[in-house]
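Undergrad: Sequence first, then the predicted structure, then my questions.
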Amino acid sequence: MTNPTPETQEQSVDTSKSEKKKTVKNKTITRGPGRRAQQARRQFLRTVALATGVTSISLLGFMPIPSDAKRQKLRPPGALLEDDYLSSCIKCGQCVQVCPVNAVKLADIDSGYGLGTAYIDAREQACDFSCDGLQCVLACPTGSLTHTLDYTHDTRMGFAVLDKPKICLAVAGQGFKGIARGAEYNGVLRYEEIDRWNPIQLKDHPYDVEICDLCVQACPIEQRYNQCKDGKYPSGDKNQCPPERAIGLELIEEKNGVRHMKPVIYDGCVGCGVCEMICPTAEPAIIIDYNKLTKRPLSEQYLIKAKKGGHS
Amino acid sequence: MNILLESLAQLFGRAPRKPRKDELSPAVQKIYFHKKGEKVTKAQLIALHDEHHKNSKNKWRKRRWLTLIAVNLLFVVSYYFDIQLLEGALTASRFAGFHMADLNSALQVMLAHKVVLINLLIGIVTVFILWLILGGRTFCSWVCPYHLVAEWAEMLHLKLFARGWAKNYTFHRGVRAVFYVIFALLAIVTGYTVYEFISPTGILSRAIIYGPTIALVWIAVLLLFEIFLSRRAWCRYVCPIGITYGMVGVLSPLRVTYDMSDCKHEGDCRAVCLVPHVLDLTIKNRSVDVEVGLGADCTRCGLCVDACPTSSLNFEFKGLTHKVKKEELPLMPPSATEKDPAVEDKIND
């Protein structure tokens, strides 16, 4: 904790200095004039090695470590398309800090140049829009989460797909009774009828339904859509009303003549991931597909909505 | 103007040169002339040291460590208790709602994304003004968390080096400017903020605030390299953040100034300095004036101020610092510092 004593200091003086002194002293006695040039050459080679080494390491970001889950990570609401998102995110985590359900997390070094960028693991904890105001978008200092969207239904984080219809309880004609994700699961959701402001744990809210429709019940867009249908606008603002439905159970007749209920995803789906989160099967039957989104460029999506001018 | 250019050139890696005789001011020449033949013994120096450190051992280091820890803790406290005082991380944050953006991170983002965003611009201007006033690389030593762990690693390195258990390979300082260009080009070409991938400042700041990550392994690798192979290698030879803030600090009024009149030229300051080339002017016949501000690369860490046995190095805020007249100045002014035992204990822990 103390400053080195003068003796040790002399030894530890930056070696370049002490070496130089040495060479000057030794010049006439030992090796002659080549010594200094040799040292300079060595230092130059070391420097080149350092530059090459550090630059190479910085390029390792191109090779994200492949994980078993090959799916593209969901980004927070309003995120630009992946390439733009990665280039514009300043990796500060302000979106993480404002999220009331802690859905937003920061990626680790295994995601390469995605290190420090915000993502959402919907199965772990989905964005349920319980902040009502797209807080993460407002918090973003760089516009990685674009400010061009105003309402929850403007977002497009991905698109829900019934990934494994065979395990879907509704398809099998089964109901669901109990805690959706088991007692070990710590995810939270906002249930407006219970507490408008504070999300509660999923395990504190058991379900009992004849035909499993948890994904439809929990869908934040559906909830808003229904509120608006009843004339109760969210926050008293008609603009908060989603223009389209997001998901619904429909009676489907397959080609082989079998008739069963099935969750059908509509254009109003914003890809928030609540359906993936709440799906009570061991593996989620319904998941959010980020890549489906790229078919409809996000920027275009916002432009169309902005042009509609429905938000004034 | 010439001095500013020289200061920038040194920031980018040029070695300080010995001034010609005619470049030295007459006053300086006179003092150097009087110092000729003056022998300073080790015992004398130790006595001076003891006298100087009687009341204020590591005064600036204590203050700096406290500040650095406080700033980084403020991020943590603000997040965990949701008091929204300092949100975000060191790369970008909001202080009481005001946007702040780390200049280097913001630069990388703009180069990669090729768009200038208003919020980011606000943050950049705020931080630019802040460090323009506070001295550019002051960020490095007073805020950057990597600086602190690297400083601890350096202490270990010096101990090991003294025993011959560690090497200190040096590199050409110009390589940092090369890195600066490399990372700028990589950001432009790849569209990724490549430097952020290896930035120990960002990784450490986020780890402190949001919890440990695997990326900390990289920090460990860097520290091991610095402990066993090359003293303070990252800050000295690689980090582009240092250059960015160094450029901000060129014109900064807050700096360490060197007064050569009482200097014994023994080199204690250079021995503790992260960027010893800025202190080359403390070598005999190197200072062109009686009083000279240190170059832009100086991190204003104050280690030299603490180490100097003759109080020849001092913090100065141009235009604000009250200068005591030379005649009234005793050889070694007993520095009157308040001694807070609580604070000292904290530091000594």
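TA: Arrived safely. Numbers count the residues shown, from 1 in each chain, chains lettered A, B, ... in the order given.

Undergrad: So, low pLDDT: which residues of the chain?
TA: Picked chain A for this. A:1-33, A:65-71, A:292-312 (pLDDT under 70).

Undergrad: my bad, the chain I had in mind was chain B
TA: Residue ranges of chain B with pLDDT under 70: B:1, B:321-349.

Undergrad: how does it divide into domains?
TA: Under the assignment automatic domain parsing, the domains of chain B span B:18-55+B:253-325, B:62-247.

Undergrad: ranking these by burial, who's on top?
TA: Greatest average neighbour count among the domains of chain B goes to domain B:62-247 (a mean of 20), per mean count of other CB atoms under 10 Å in any protein chain shown. Glycine gets a C-beta too; all of them are placed from N, C-alpha and C.

Undergrad: Tell me the span between the first and last residue of it.
TA: Length of domain B:62-247, first residue to last, CA to CA, to the nearest Å: 26 Å.

Undergrad: and the domains of chain B as JSON lines, adding distance to A:Arg36?
TA: Output for the domains of chain B, formatted as JSON lines (distance: least, CB to CB, whole Å):
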{"stretch": "domain B:18-55+B:253-325", "distance to A:Arg36": "16"}
{"stretch": "domain B:62-247", "distance to A:Arg36": "14"}
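
Undergrad: A:Thr55: which of these is closest?
TA: domain B:62-247 (5.7 Å; CB to CB).

Undergrad: Let me know the secondary structure of the spatially most central residue of chain A.
TA: The C-alpha lying nearest the average C-alpha coordinate of chain A belongs to A:Tyr119 (CA atoms, centre = their mean; 1.3 Å). Under DSSP: H, G, I helix; E, B strand; the rest coil, A:Tyr119 falls in the strand class.

Undergrad: number of nearby residues for the residue nearest to it when sequence neighbours are not counted?
TA: Among residues not flanking A:Tyr119 along the chain, A:Lys73 sits closest, at 4.0 Å (CB to CB, 6 or more residues apart in numbering or on different chains). Neighbour count of A:Lys73, defined by other CB atoms under 10 Å in any protein chain shown: 18.

Undergrad: cool, A:Phe62 as well?
TA: Other residues lying near A:Phe62 total 12 when counted by other CB under 10 Å.

Undergrad: For it, give me its contacts.
TA: A:112-113, B:190 (CB atoms under 8 Å, 6 or more residues apart in numbering or on different chains).

Undergrad: before we move on, what SS does the closest residue to B:Thr190 other than its chain neighbours have?
TA: Nearest residue to B:Thr190, sequence neighbours excluded (CB to CB, 6+ apart): B:Ala112, at 7.3 Å. Secondary structure state of B:Ala112, per three-state DSSP, is helix.

Undergrad: Is A:Arg46 located within a helix, as I assumed?
TA: Yes - assessed by three-state DSSP, A:Arg46 belongs to a helix.

Undergrad: picking up where we left off before, any figure for the gap between the residue nearest to B:Thr190 and A:Gly93?
TA: From B:Ala112 across to A:Gly93, the span is 18 Å (CB to CB, to the nearest Å).

Undergrad: what do you get for A:Ala51?
TA: 31 Å.

Undergrad: Return the backbone torsion pair for A:Gly287.
TA: Just so we're on the same page, residue A:287 is Ile rather than Gly. phi -130, psi 170 (degrees, to the nearest 10).

Undergrad: Next, format the contacts of A:Phe62 as CSV and append secondary structure and distance to B:Lys21.
TA: Shown next, in CSV, are those (DSSP: H, G, I helix; E, B strand; the rest coil; distance: CB to CB, whole Å):
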residue, secondary structure, distance to B:Lys21
A:Gly112, helix, 56
A:Tyr113, helix, 54
B:Thr190, helix, 51
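
Undergrad: between those, which is nearest B:Phe315?
TA: Using CB to CB, these come closest to B:Phe315 at A:Tyr113, 39.8 Å.

Undergrad: list the contacts for the closest one?
TA: Residues in contact with A:Tyr113 (CB under 8 Å, 6+ apart) are A:61-62, A:64, A:86, B:190, B:192-194, B:196-197.

Undergrad: so of those residues, which ones are in helices?
TA: Among those, the residues falling in helices (DSSP state H) are A:86, B:190, B:194, B:196-197.

Undergrad: Farthest pair within the residues you listed?
TA: B:Thr190 and B:Glu196 (11.9 Å).

Undergrad: Surely B:Ala271 and B:Ala307 touch.
TA: Yes - under the criterion of CB atoms under 8 Å, B:Ala271 makes contact with B:Ala307 at 7.3 Å.

Undergrad: downstream neighbour of the helix or strand encompassing B:His52 in the secondary structure list?
TA: Element membership for B:His52, per DSSP states H and E: helix B:42-53. Per DSSP H and E, the first helix or strand lying C-terminal to helix B:42-53 is helix B:59-80.

Undergrad: mind checking how far that following helix is from the chain centre?
TA: The chain centre lies 16 Å from the centre of helix B:59-80; the measure is CA atoms, centre = their mean, to the nearest Å.

Undergrad: Show me what it is packed up against.
TA: strand B:86-89, helix B:138-142, helix B:145-162, helix B:200-210, helix B:303-307, helix B:341-348 (3 or more CB pairs under 8 Å, 6 or more residues apart in numbering or on different chains; DSSP states H and E).

Undergrad: Out of the ones you listed, which is closest to A:Leu45?
TA: helix B:145-162 (22.0 Å).

Undergrad: how far off helix B:59-80 does the closest one point, in degrees?
TA: Here helix B:145-162 runs at an angle of 140 degrees relative to helix B:59-80 (axes from the mean of the first three to the mean of the last three CA atoms, to 10 degrees).

Undergrad: which other helices and strands contact helix B:145-162?
TA: helix A:6-12, helix B:59-80, helix B:200-210, helix B:216-228.

Undergrad: again, 6 Å this time
TA: helix A:6-12, helix B:200-210, helix B:216-228 (3 or more CB pairs under 6 Å, 6 or more residues apart in numbering or on different chains; DSSP states H and E).

Undergrad: Tell me which helix or strand comes right after the longest one.
TA: Same thing as helix B:216-228. Sequence order places helix B:233 as the next helix or strand after helix B:216-228, per DSSP H and E.

Undergrad: which stretches of chain A form strands?
TA: Secondary structure of chain A (DSSP state E): strands at A:104-106, A:118-120, A:159-162, A:176-178, A:188-189, A:200-201, A:207-209, A:247-253, A:259-265, A:286-289.

Undergrad: among those, which is nearest A:Thr146?
TA: Taking these one by one with CB to CB, strand A:118-120 is closest: 13.6 Å.

Undergrad: what's the closest one in contact with?
TA: Residues outside strand A:118-120 that contact it (CB atoms under 6 Å, 6 or more residues apart in numbering or on different chains) are A:73-74, A:76, A:95, A:103-104, A:107, A:127.
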